[in-house]
Structures are given as C-alpha cells and as structure tokens.
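Engineer: got a predicted model here, sequence first, then my questions.
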Amino acid sequence: MKLTAEQIKQYLHRSYTAVDGLWFMKVEQQFDFETALEIDEQVWQIVPKIQARQLKELTGCKNGLEGLYECFTTKLELDCTEFESEKEPDGKGFTIIIKHCHWLELLRKSQREHLAEKIGSRICNAEYATWAGEFGSNIRFELQSQICKNDNCCRLRFTTS
C-alpha cells in the first residue's frame, strides 16, 4: 500500500492535532483547566521556535519580515489552514486573514466550544508572537480579531518597528 503525499499530510496533521487535544484534556483531568491552559501556553511559546527554525533551515529564508512571511505562510499551508494574506505597500508589514479555524472546529466537535475564547486569547497570542520574535526583535505581532470571539475572521498583523 502506498499513500499519496496528501494522505501523508492529512495523517500527520490529524495525529498532531489529536496529540495536542488529548494531552490538554489529560492534564485538565489530572489537575484543572487553568493548569492545563498555563502549560499549553508554555508549550506554544516553544513549538513555534522549533517550527520557525526548521522552516528557515529547509527554505534558506533569513530573519526579517520577508522571511517571516515566507515561513509563516508555509506553516499555515502545512497545517491545512485556509488563509489569505495582504502585504502592506510600504513593505513594513503584512496581515494574515484566517476565515476557518480548524482548532475551533475541534473544540466544537468535542463540545468544548465554550472554552474557545479563553484558549484562543492565550494560545494564539503566545504562538504568533513567538513566530514574530524568531525573525527579529523589531517585528511586532497584533491579534486584531478572532473567530473564537465571534469575529468573522482571525486577523494576524505583523509589522516592523
């Protein structure tokens, strides 16, 4: 039996998301929700460093806004995230627009959507700010809107100062 590249991608994506959700729920069972969320935030301050460094190595991208753009959009594609991007004409920033969040869908499927805003506020800020920091101390991240807060999309803005 041979799997296609797309099947392999889907398998790895499903495994990755399952592990993330399962460990969170097990920590929550053993301790409590706040402890699980605190540990999850710490994890998502490290995972983006690993991802960014690996993608820089694989692609040859350098630090800076353009390297961040190339690596971050590649990460979103690998994560099966549907998104649009808008580069600012002056070259000093870009915005990512996510209209469908697979993490929110997983929370809905597990009947835990009521936790989405609290999780999204902490984890998305931690993850995306870490991505920005991996490409330069002068790159700033702003989470302008979130689907889990009943906005119509997640807007992630990255700028240089």
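Structural biologist: Arrived safely. Numbers count the residues shown, from 1 in each chain.

Engineer: tell me where this structure has strands.
Structural biologist: Secondary structure of the chain, counting by DSSP state E: strands at 83-87, 93-98, 139-145, 154-160.

Engineer: avg pLDDT for stretch 3-19?
Structural biologist: The average pLDDT within stretch 3-19 is 87.

Engineer: should've said stretch 103-123
Structural biologist: Over the span of stretch 103-123, the pLDDT mean works out to 92.

Engineer: which one of the strands of the chain lies closest to residue 107?
Structural biologist: Ranking the strands of the chain by proximity to residue 107 (Cβ to Cβ) places strand 154-160 first, at 14.1 Å. (Glycine included, C-beta is placed from N, CA and C.)

Engineer: direction included, what does that closest one pair against?
Structural biologist: Using DSSP bridges, the strands paired with strand 154-160 are strand 93-98 (antiparallel), strand 139-145 (antiparallel).

Engineer: out of these, which gets nearest to residue 152?
Structural biologist: Closest to residue 152 of the strands paired with strand 154-160, according to Cβ to Cβ: strand 139-145, at 7.7 Å.

Engineer: so how far is the closest one from its chain's centroid?
Structural biologist: Put simply, strand 139-145 sits 13 Å off its chain's centre (Cα atoms, centre = their mean, to the nearest Å).

Engineer: before we move on, what about stretch 131-141?
Structural biologist: Its chain's C-alpha centre and that of stretch 131-141 lie 15 Å apart, by Cα atoms, centre = their mean.
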